[in-house]
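*Asks:* Sequence plus the predicted model coming up.
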Amino acid sequence: MSVDFSWPIYGHQQQINFLQESIRQDKLANTYLFYGPRGLGKKLVAYNFAKSLFCQAEDNKPCKKCDACRQIDKGVFADLHILGKTQDELSAESVKGFLARLSLTTSYGGHKLAIIQKVESINLFSANALLKILEEPPKNTTIILVADQIHSLPATIISRCQLLKFRSLDKESIQEWLKSFDLTEIEKATISNLSFGKPGLALEYMEDKLDNFKEKCEFLLKLLDNDTLSALQSLDHWFTALKKEYPSYKIYELGEQTKQYLHLLELILRDILWLKLGRQPINTIFEEQLTLLAKQYQPGILLKNLLNINKIKKQLKQNVSPLTLWENLVLDFKS
């Protein structure tokens, strides 16, 4: 009997069809490896695969109503094991305990499913323990490994997996999907540009990140537009506020809090360069301010400071004062 599925996922149809057919045919691989950049929906696909596998309904899986679906939604379904929701869960001891639980018998006498997120972050000891499980998988157990990239994974692990690569959606697909949300045309255009074909990233911007994005952009645009003294004073006020918000943070940890601003500053500088070349900016919300800044800065200064930002990202890992690094960056802009 043919089974229909209802997965609330946009895009990745080829991967989804493959997984749904494997459930229909009851021909599951021992191990799948979902890989591709963050924000594409890999974990969402794995989650819907799990619900469909255990769903007790005969059609339209997952039904969201049966005991299995409800328990999975609550995170208490005994035969679904998930690891890697936080970085702490990927310690050698946690991975060892997680893999040991996979050898236990199933609670419902059927299948067990394990999902290991951020698998590229596990250390060598954990990778060896995982490899042993993949070489001798427990009976009736399927493992899904989820990774943003596979370059750091041992080839011995990759070779034992059914690989499913997830790719960014094209811009037209993201724009079509965004039509179903209550957004202004400018917000749709900006989110479409900023998400780079990643539905998960687009959703983050739609929740509350877009407001945070606007606030951070306004701060950075003022830094670029202000005179040197005003810009340095703004930096001083910003870091004073950061120290109050994170009083126990060391220099390195405080620097980590500024990395998102560096990333946004990169986007802003690239947008200014685009405008100087007569191209459309990614950030359409602040197009007017960006256009004015494009008249102030020469391409050489913009390119120089794009390189400086990359240097700062590396220096932030070396316990250098983040305030000093930002002050030097501002002085380079104003020189």
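*Replies:* That came through fine.
*Asks:* residues near P137, how many?
*Replies:* By the criterion of other Cβ atoms under 10 Å, P137 has 17 neighbours. The way it works is simple: take the backbone N, C-alpha and C, and place the C-beta from them, glycine included.
*Asks:* how about the helices of the stretch 51-200 of the chain, start to end?
*Replies:* Ranges of helices in the stretch 51-200 of the chain, per DSSP state H, counting those that start in this stretch, are 67-74, 92-101, 124-135, 155-158, 171-178, 185-195, 199-204.
*Asks:* Compare those helices and give me the one nearest I16.
*Replies:* Ranking the helices of the stretch 51-200 of the chain by proximity to I16 (Cβ to Cβ) places helix 199-204 first, at 13.0 Å.
*Asks:* For N283, which of the helices of the stretch 51-200 of the chain is the nearest?
*Replies:* Between N283 and these, the shortest gap by Cβ to Cβ is with helix 185-195, which sits at 6.0 Å.
*Asks:* rewinding a little: got JSON lines for the helices of the stretch 51-200 of the chain, with distance to L113 too?
*Replies:* Below are these laid out as JSON lines (distance: least, Cβ to Cβ, whole Å):
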{"stretch": "helix 67-74", "distance to L113": "10"}
{"stretch": "helix 92-101", "distance to L113": "12"}
{"stretch": "helix 124-135", "distance to L113": "14"}
{"stretch": "helix 155-158", "distance to L113": "18"}
{"stretch": "helix 171-178", "distance to L113": "28"}
{"stretch": "helix 185-195", "distance to L113": "29"}
{"stretch": "helix 199-204", "distance to L113": "21"}
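*Asks:* Count residues in the vicinity of E287, would you?
*Replies:* Counted with other Cβ under 10 Å, E287 comes out at 17.
*Asks:* thinking again about what came up before, format the helices of the stretch 51-200 of the chain as JSON lines; extra columns: mean neighbour count.
*Replies:* Listed next are the helices of the stretch 51-200 of the chain as JSON lines, based on neighbours: other Cβ atoms under 10 Å:
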{"stretch": "helix 67-74", "mean neighbour count": "16"}
{"stretch": "helix 92-101", "mean neighbour count": "15"}
{"stretch": "helix 124-135", "mean neighbour count": "16"}
{"stretch": "helix 155-158", "mean neighbour count": "14"}
{"stretch": "helix 171-178", "mean neighbour count": "16"}
{"stretch": "helix 185-195", "mean neighbour count": "19"}
{"stretch": "helix 199-204", "mean neighbour count": "19"}
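*Asks:* For I285, which of the ones you listed is the nearest?
*Replies:* Closest to I285 of the helices of the stretch 51-200 of the chain is helix 185-195 (Cβ to Cβ; 4.9 Å).
*Asks:* could I get the helices of the stretch 51-200 of the chain as TSV with mean pLDDT?
*Replies:* Below are the helices of the stretch 51-200 of the chain laid out as TSV (pLDDT from 0 to 100):
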stretch	mean pLDDT
helix 67-74	94
helix 92-101	83
helix 124-135	90
helix 155-158	96
helix 171-178	87
helix 185-195	84
helix 199-204	84
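*Asks:* between those helices, which one is nearest to T324?
*Replies:* helix 185-195 (29.6 Å).
*Asks:* what angle separates that closest one from helix 171-178?
*Replies:* Here helix 185-195 runs at an angle of 130 degrees relative to helix 171-178 (axes from the mean of the first three to the mean of the last three Cα atoms, to 10 degrees).
*Asks:* what's the closest of the helices of the stretch 51-200 of the chain to H263?
*Replies:* Nearest to H263 among the helices of the stretch 51-200 of the chain is helix 185-195 (10.8 Å), distances taken as Cβ to Cβ.
*Asks:* Run through who's touching the closest one.
*Replies:* Contacts to helix 185-195, defined as Cβ atoms under 8 Å, 6 or more residues apart in numbering, come from residues 39, 171, 174-175, 178-179, 181, 183, 201-202, 205-206, 210, 213, 267, 282-285.
*Asks:* Now for I282: which residues touch it?
*Replies:* 190, 193-194, 267, 270-271, 274.
*Asks:* How is this structure divided into domains?
*Replies:* Annotated domains of the chain cover 13-165, 171-334 [automatic domain parsing].
*Asks:* Which among the helices of the stretch 51-200 of the chain is found nearest to Q233?
*Replies:* Distance to Q233, taken as Cβ to Cβ, is lowest for helix 185-195 among the helices of the stretch 51-200 of the chain, at 29.3 Å.
*Asks:* Figure out how far that closest one is from the centre of its chain.
*Replies:* Its chain's C-alpha centre and that of helix 185-195 lie 18 Å apart, by Cα atoms, centre = their mean, to the nearest Å.
*Asks:* just stretch 76-84 next, same as before
*Replies:* On Cα atoms, centre = their mean, the centre of stretch 76-84 falls 21 Å from that of its chain.
*Asks:* Buried ones in it, by neighbour count?
*Replies:* Buried positions in stretch 76-84, judged by neighbour count with 16 or more other Cβ atoms under 10 Å: 77, 79-84.
*Asks:* Considering those residues, which member attains the minimum pLDDT?
*Replies:* The member of the buried residues of stretch 76-84 with the lowest pLDDT is G84, and it reads 82.
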